[in-house]
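Visitor: have a look at this prediction, sequence included:
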Amino acid sequence: MLEQWWMCVDFFARDKRGVAAVEFALIAPLLMALYFLTMEVSQAIETNKKVSRVGSMVADLITQQQTIKSSEVDAVMKIGESILQPYSRSTGKIVITAVEITADAPPRAQVAWSRKLVNGVTTINVPAGTITNVPDALRIAGSFLIRVESDLDYKPVLTWAAENKAAIGLAASFDSISMGEIYYLRPRMSQTIPCADC
């Protein structure tokens with residue numbers, strides 16, 4: 001009996017026909033995981049660059065104006081929103097705030113006007129006169145700033161679930177990555193950028 005068992009072990013030890021299949025079965029899941037992880041990381045980096053680009057482009061377009069209307073501000077935000085395409089797993093948020101730095105001692109930063117774009121809808125963000133925060137380096141008495149905040153909750157493909165479907169797998173512990181950028185620019189063509197109907 002022992003001799004038969006040993007012959008069987010010896011036969012399988014010398015037979016190399018299934019080695020490639022076993023190696024493939026062990027290595028393939030690791031390679032697939034690395035491929036999808038690399039793809040997801042590169043998409044996240046590209047989307048983060050787009051979020052930054054939205055903020056800088058919107059701030060640049062607004063600061064080139066001498067005066068502006070709410071419809072023009074809304075149009076600029078819609079253009080900014082289109083930069084995120086073809087990413088469509090979540091919608092971004094853009095907030096434009098015109099900030100006046102008072103001549104008081106110490107200078108206060110207050111909102112001149114503010115508008116936001118959330119889920120494709122544009123509205124007033126905060127009322128004029130609201131006190132806001134700006135970095136100390138930009139708090140120069142009598143100055144005017146345009147602040148643009150661009151935010152996006154990035155949903156990775158590996159965790160994304162279609163509408164009205166329960167999320168499975170990684171989505172239970174890893175839902176989204178918050179991406180955002182804040183830009184401050186000064187007006188280029190005038191001292192201030194008034195918006196009468198904002």
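Guide: That came in fine, so what should we check first? Small disclaimer: the values here were computed from a predicted structure and weren't measured.
Visitor: where in this protein is pLDDT low?
Guide: For the chain, the stretches with pLDDT under 70 are 1-2, 5-15, 159-174.
Visitor: now for the longest helix seen in it, which elements pack on it?
Guide: Secondary structure assigned by DSSP state H gives helix 19-63 as the longest helix of the chain. Judged by 3 or more CB pairs under 8 Å, 6 or more residues apart in numbering; DSSP states H and E, the packing partners of helix 19-63 are helix 70-82, strand 93-101, strand 144-154, strand 177-185. C-betas here are computed from N, CA, C, even on glycine.
Visitor: so how far is that helix from its chain's centroid?
Guide: For helix 19-63, the separation from the chain centroid amounts to 14 Å (computed by CA atoms, centre = their mean, to the nearest Å).
Visitor: ok and it relative to strand 177-185, angle-wise?
Guide: 30 degrees (axes from the mean of the first three to the mean of the last three CA atoms, to 10 degrees).
Visitor: redo the helices and strands packed on helix 19-63 as JSON lines? Include distance to residue 133.
Guide: Listed next are the helices and strands packed on helix 19-63 as JSON lines, based on distance: least, CB to CB, whole Å:
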{"stretch": "helix 70-82", "distance to residue 133": "21"}
{"stretch": "strand 93-101", "distance to residue 133": "9"}
{"stretch": "strand 144-154", "distance to residue 133": "10"}
{"stretch": "strand 177-185", "distance to residue 133": "11"}
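Visitor: a markdown table for those, including mean neighbour count and distance to residue 64?
Guide: Converted to a markdown table, the helices and strands packed on helix 19-63 look like this (neighbours: other CB atoms under 10 Å; distance: least, CB to CB, whole Å):
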| stretch | mean neighbour count | distance to residue 64 |
| --- | --- | --- |
| helix 70-82 | 17 | 10 |
| strand 93-101 | 22 | 13 |
| strand 144-154 | 22 | 10 |
| strand 177-185 | 16 | 10 |
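Visitor: so the nearest residue to residue 198 once chain neighbours are set aside is in which element?
Guide: In this structure, residue 198 finds its nearest non-sequential neighbour in residue 113, 3.6 Å apart by CB to CB, 6 or more residues apart in numbering. Residue 113 belongs to strand 109-118 when assigned by DSSP states H and E.
Visitor: what is that strand packed up against?
Guide: helix 70-82, strand 93-101, strand 121-124.
Visitor: again, 10 Å this time
Guide: Strand 109-118 sits against helix 70-82, strand 93-101, strand 121-124, strand 144-154, with contacts defined as 3 or more CB pairs under 10 Å, 6 or more residues apart in numbering; DSSP states H and E.
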